[in-house]
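Trainee: Need the 3D shape of this:
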Amino acid sequence: MLCVALTFLIVGAAGNAVSAATLNSKQEKRSNTSVISRLTDPADIFNAKCASCHVPGKFGPTIPQLSRLTAEEIENVLWNGAMKEFALDLDSSQRVIIAQWLASLGQDKGDRTSGVKKCTDGTAWVPDAGPSWSGWSNDNRLNRNSKESDITSAQFSGTRLSLALPLPPGQPVVGAANPVAVVGNRLFVGNTNRWVYALNPESGCAYWTFRAEGRIRSNVAVEKDILVFGDLLGNLYGINANSGALLWQRRVDASSTSRINGNVTLHNGVVYAGVSGLQELSGMRKDIACCSFRGSVVAMNARSGERLWKTSMVDEPLKFLGRTKDGVNRYGPSGVPVWSGIAVDEKRRALYVSTGNQYTEPRVKESDAIVALDIDSGKKKWIAELAPEQMNRTDIYHLGCETWVDPKRSTCSPVNPKGHGDRDFGAPASLVTLADRSELVLAGSKDGMFYALNPDSGQTIWQLRVGKGGEIGGIEYGFATDGENAYVPVGDVDLTTNKASGTVTAISLKTGKPVWRYVAPQDVCINKPEPCNNSFYLPPVVAGEVVLSGTNDGVLRALSRSDGHLIWSFDTAIEFVGPNGLKGNGGSLGFGGPVVVGNRIFVMSGHDVFGLGMPGNVLLSFTIPR
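Mentor: Modelled structure (predicted):
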């Protein structure tokens, strides 16, 4: 494996060492004065087309990470994957040259097998054998409440590790803390290594495995004998949950950067999925037109793959907006991706969708919002506009608005000349029933705001600031609720220092006031690599007397449901040896959230996405003494 820091040396085709600083200093000149078609040296091609994203490594894999791929895999990404749009002006030979060069920089290509031993016990799948957790949440209202659990704090203090299953690392990303589903005597999980697993939850052996076309970050959702998931190439899949046989595969959006990045909801034979995209990265390049992607929600028949409806989050037609100072075309309105899962309201026949920011103007009301859709037709029932007040309810932003990308912000929307933004919703909304039988739609934003909405109208009933917010601040991936309180994790990472202010706040649903707050320790990253910090990314789960969540330092924490004091913790960012014989490391905790089924806890450790966490790719199971 090639191990190099950001000040690595890159050896070009002619054997000349080129530093990262040299690449950065040459980039502007080459981008503006060189004709891409004339470039033949792979280091020059990389410098002109790729360095702005992949040298910083903040929102794209670094060269060491890319070198884990084979030349064929890199070519495929340039022709058919997320980089297709960015590589449009590279000819076929240039793509081969740069793919071969990047692949040659690393000798260790890793394991492309599933890495899990096949089960030989012949045990049949019994879907109704005990409690289950069949999706991102154990209910499609997305409450993340293990309601059947009666675990006490005293019991939880004796929790011990019972299984560690290292999985082959994904290439180039090593783990995304994927959500886990447990249905009867099977554990189902997808992974950034492109494999989906049906495992024995006790031994970790596999009854079947399935390899997807693209990397998987979404959950898997199971209903009856159907399993569904999405990949980062924008594909949805239907799988026979008993055998692993492919039933159908459908690409849900034409954009080359579209992806199923968030979680899917499977309800009464229909899968609902939000569509997001990577076109927000276009703003990092001064020579690429921006933007045309629009987020959407699709509904598919889970058994046949037939599309039932698709609703765009932007209704206005795309228009030419003019050109940047560098003469590159601008289009809008664009953006409003859907990054997260979708909550179901059976009584109102509604879906609740949380949305992302716009990339380009003019402003649309669906941006940074909770949108209620008709479950049968996909038509919009109401829109709660929740873009931050301090930004005049306008969040029009892409990565070119960051000063570390471009101090002049020359590609940022003129509506947002100061570059502030990216305060949208990455966490799903939740529908909750209170003790008095009234209902609320709950939502938490990256701006650090938590909202309670009227499910009939979208009107805000109360709101509370729980964090300062930021690009990777506020509430990132989700929260939990028990009908009395919401339990809300906050990341609040400062991108310039990588310092964080991680907290979990319990909020009374009746009053909208804080009940208690747990503050994560600051000395959590001693002897751990960057980007370790104490941010709370992991969506919690409520189980008996405990709220279980975790932090970017890899520590899983159980807090008292009544007052928030720490009951138990376990550092997952260590090396494990699994029953499959593989060695592997845990890493940061984020995205998927722990699952509590009976007296067992399941969680994936390792969150190597966009450079926001420590890599790792280990499935962990813990046993709570009865």
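Trainee: where in the protein is pLDDT low?
Mentor: 1-34, 57-59 (pLDDT under 70).
Trainee: mind redoing it with 50?
Mentor: 1-33 (pLDDT under 50).
Trainee: hey, where'd the helices end up in it?
Mentor: Using DSSP state H, the helices of the chain run over 20-33, 42-49, 51-54, 63-66, 71-80, 92-104, 153-156.
Trainee: To residue 243, which of those lies closest?
Mentor: helix 71-80 (27.9 Å; Cβ to Cβ). C-beta coordinates here come from the backbone N, C-alpha and C atoms, glycine included.
Trainee: Could you check how far that closest one is from the centre of its chain?
Mentor: 23 Å (Cα atoms, centre = their mean, to the nearest Å).
Trainee: Packing partners of that helix?
Mentor: Applying 3 or more Cβ pairs under 8 Å, 6 or more residues apart in numbering; DSSP states H and E, we find helix 71-80 packed against helix 92-104.
Trainee: can you do 10 Å?
Mentor: helix 63-66, helix 92-104 (3 or more Cβ pairs under 10 Å, 6 or more residues apart in numbering; DSSP states H and E).
Trainee: circling back: now the helices of the chain as CSV including distance to residue 561 and mean neighbour count?
Mentor: Rendered in CSV, the data for the helices of the chain read as follows (distance: least, Cβ to Cβ, whole Å; neighbours: other Cβ atoms under 10 Å):
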stretch, distance to residue 561, mean neighbour count
helix 20-33, 48, 15
helix 42-49, 52, 23
helix 51-54, 43, 22
helix 63-66, 40, 21
helix 71-80, 45, 18
helix 92-104, 49, 18
helix 153-156, 8, 17
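Trainee: Please convert those helices to TSV, extending it with distance to residue 336.
Mentor: Output for the helices of the chain, formatted as TSV (distance: least, Cβ to Cβ, whole Å):
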stretch	distance to residue 336
helix 20-33	29
helix 42-49	28
helix 51-54	22
helix 63-66	29
helix 71-80	25
helix 92-104	31
helix 153-156	41
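Trainee: Nearest to residue 567, out of those helices?
Mentor: Of all those, it is helix 153-156 that lies closest to residue 567, at 5.2 Å by Cβ to Cβ.
Trainee: how is the chain carved up into domains?
Mentor: 9-104, 147-177+430-626, 212-385+389-422 (automatic domain parsing).
Trainee: looking at the helices and strands packed on helix 71-80, which is closest to residue 398?
Mentor: Checking the helices and strands packed on helix 71-80 against residue 398 by Cβ to Cβ gives helix 63-66 as the closest, at 22.6 Å.
Trainee: For the domains of the chain, give me a markdown table that also has distance to residue 116.
Mentor: As requested, the domains of the chain are arranged in a markdown table below (distance: least, Cβ to Cβ, whole Å):
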| stretch | distance to residue 116 |
| --- | --- |
| domain 9-104 | 20 |
| domain 147-177+430-626 | 5 |
| domain 212-385+389-422 | 12 |
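Trainee: Which of the ones you listed sits closest to residue 126?
Mentor: Of all these, domain 212-385+389-422 sits nearest to residue 126, with 10.6 Å by Cβ to Cβ.
Trainee: Quote the end-to-end distance of that closest one.
Mentor: Across its full length, domain 212-385+389-422 reaches 30 Å end to end, with Cα to Cα, to the nearest Å as the criterion.
Trainee: do the same with stretch 175-190
Mentor: Start-to-end, stretch 175-190 (Cα to Cα) is 10 Å.
Trainee: Centre of the chain to that stretch, how far?
Mentor: The mean C-alpha position of stretch 175-190 is separated from the chain mean by 15 Å, Cα atoms, centre = their mean.
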